[in-house]
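Chemist: got a sequence here, can you build the structure:
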Amino acid sequence: MNKALIVGSTGIVGSAMAQLLVDKGWQVAGLARRPTARAGVTPISADLLDDNSTRRALAGVAPSHVYITTWSRQASEAENIRVNAAMVRHVLDAVGDAGSVKHVALVTGLKHYLGPFEAYGKGTLPQTPFREEQGRLNIDNFYYAQEDEVFAAAARDGYHWSVHRPHTITGVAVGNAMNMATTLAVYASICRATGRPFQFPGSAVQWNSLTDMTDARLLARHLLWASTTPAAANEAFNIVNGDVFRWSWMWSRIAEWFDIEPAPFDGVVRPLEQQMANDATIWRDMAGQKQLAEPDIHRLVSPWHTDADLGRPIEVVTDMSKSRRLGFLDYQPSDQAFFDVFDRLRQERLIP
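Modeler: Below is the predicted model of the structure:
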């Protein structure tokens, strides 16, 4: 029987992966610093920065497939590299002892092409649409360090690997560091409750240019496909929904779902970090009035990440030809991906 270890099982990607594999009848172990109860998933708690803690936690797990879907945000890229490379290394050293692993899949993202947060979308970048054969930028990047740990461990222990590069991911996970869909849902809910204008926070380039996104459920299916398809072994893949859109269209679609009017875009960048800086009290009051499940706005929103994506000065479109040629043909309309998140947030009483 296939036995999966999902590293970061409580995150947007990890939770979607856990649900998919449980539905497929796999044995699933979910590793997180603070794992939550989930039907069909064996919870494992570990501090991935502690090699001994990781080894103790994973002793006897013996997975056939490992899905690494987590990272830890640090104050500088040098620290991102040190911390996130160590987390991957400690996991792979621990599971390597059993000799059971067939495949390791690593989730990174389009910062492979765009650069790390410290130099995001700056300097000499590859042309869009981004393609997997476009090499690494000549700049330090913790994604590259994570990849190198996977490559080294796979060569040492004799298993296959895959790297998955999604664009902005839509999904549901409380406490996630990068969560645009929930951030926009909370922002729209506050705008509706207070009468504030629903203003696009980003740049004119993002408002007018084509872009794409990645649904966490589609990414989970892509991870499963690559980890069980021989032709996909030892490859890096882009993974997006398969459609493209402009934010000038999507912003109106989101506003329509929340039954509010979108403010006209005048080309001025109004970051959500500024717009939402004083919203913690407003949200706590709304949560009390509406009996919402999470009164702490900081557990739901990541304005800094949404601002980084929507404030980019360049077009971002991703090529999926490599996966298509090898047989992955799944497709997800991006507006419906947003709506599905909003529906679930409302069902779980995370938004009014």
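Chemist: where along the stretch 1-150 of the chain do the strands fall?
Modeler: 3-7, 27-32, 41-45, 65-68, 103-107 (DSSP state E, counting those that start in this stretch).
Chemist: for the fourth one, packing partners?
Modeler: Contact partners of strand 65-68 among helices and strands, from 3 or more CB pairs under 8 Å, 6 or more residues apart in numbering; DSSP states H and E: strand 3-7, helix 77-96, strand 103-107, helix 216-228. To be clear about C-beta, it is placed using only N, CA and C from the backbone, and glycine gets the same treatment.
Chemist: and of those, who's closest to residue 195?
Modeler: helix 216-228 (32.3 Å; CB to CB).
Chemist: tell me the SS of the closest residue to residue 198 other than its chain neighbours?
Modeler: Spatial nearest neighbour of residue 198, excluding adjacent residues (CB to CB, 6 or more residues apart in numbering): residue 191 at 4.5 Å. With DSSP: H, G, I helix; E, B strand; the rest coil as the basis, residue 191 sits in helix.
Chemist: what separates residue 191 from residue 261, distance-wise?
Modeler: 10 Å (CB to CB, to the nearest Å).
Chemist: about what we covered before: can you list the strands of the stretch 1-150 of the chain in a markdown table and add mean pLDDT?
Modeler: Compiled in a markdown table, the strands of the stretch 1-150 of the chain are given as follows (pLDDT from 0 to 100):
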| stretch | mean pLDDT |
| --- | --- |
| strand 3-7 | 98 |
| strand 27-32 | 96 |
| strand 41-45 | 96 |
| strand 65-68 | 98 |
| strand 103-107 | 98 |
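Chemist: need the winner for burial among these.
Modeler: Most buried of the strands of the stretch 1-150 of the chain, by mean neighbour count (mean count of other CB atoms under 10 Å): strand 65-68, with a mean of 29.
Chemist: what does that strand rub up against?
Modeler: Surrounding strand 65-68, the residues in contact under the criterion CB atoms under 8 Å, 6 or more residues apart in numbering are 2-8, 14, 17, 88, 91-92, 95, 101-107, 146, 150, 223, 227-228.
Chemist: go with 6 Å
Modeler: 4, 5, 6, 7, 17, 95, 103, 104, 105, 106, 223, 227 (CB atoms under 6 Å, 6 or more residues apart in numbering).
Chemist: cool, stretch 141-157 as well?
Modeler: So stretch 141-157 is in contact with 80-81, 84-85, 88-89, 92, 96, 104, 106, 108, 111-112, 116, 136, 161, 163, going by CB under 6 Å, 6+ apart.
Chemist: ok so, going back, so which of the strands of the stretch 1-150 of the chain is nearest residue 348?
Modeler: strand 41-45 (17.9 Å).
Chemist: helices of the stretch 51-200 of the chain, start to end?
Modeler: Along the stretch 51-200 of the chain, the stretches classed as helices by DSSP state H, counting those that start in this stretch are 51-58, 77-96, 111-114, 142-157, 180-194.
Chemist: for residue 285, which of these is the nearest?
Modeler: helix 180-194 (9.3 Å).
Chemist: quick one: that closest one to helix 216-228, angle?
Modeler: 170 degrees (axes from the mean of the first three to the mean of the last three CA atoms, to 10 degrees).
Chemist: what's the helix or strand that comes right after helix 180-194 packed up against?
Modeler: Downstream of helix 180-194, the first helix or strand assigned by DSSP states H and E is helix 204-208. Contact here means 3 or more CB pairs under 6 Å, 6 or more residues apart in numbering; DSSP states H and E; on that basis helix 204-208 packs against helix 247-257.
Chemist: residues making contact with whichever helix or strand comes after the helix it packs on?
Modeler: As assigned by DSSP H and E, the chain's next helix or strand after helix 247-257 is helix 272-275. Contact with helix 272-275 is made by 201, 303, 304, 306, 307, as judged by CB under 6 Å, 6+ apart.
Chemist: recalculate using a threshold of 8 Å.
Modeler: 183, 187, 199, 201, 301, 303, 304, 306, 307.
Chemist: so what's the gap between the next helix-or-strand element following it and the chain middle?
Modeler: Following helix 272-275 in sequence order, the next helix or strand is helix 279-290 (DSSP H and E). The chain centre lies 27 Å from the centre of helix 279-290; the measure is CA atoms, centre = their mean, to the nearest Å.
Chemist: okay, buried residues for stretch 12-27 please.
Modeler: Residues 12-22, 26-27 are the ones in stretch 12-27 that count as buried (16 or more other CB atoms under 10 Å).
Chemist: could you do stretch 152-166 as well?
Modeler: 153, 154, 157, 159, 160, 161, 162, 163, 164, 165, 166.
Chemist: what about that stretch, average pLDDT?
Modeler: Averaging pLDDT along stretch 152-166 yields 98.
Chemist: circling back to that earlier point, going through the contacts of stretch 141-157, which ones are buried?
Modeler: Of those, these count as buried by 16+ other CB under 10 Å: 80-81, 84-85, 88-89, 92, 96, 104, 106, 108, 111-112, 116, 161, 163.
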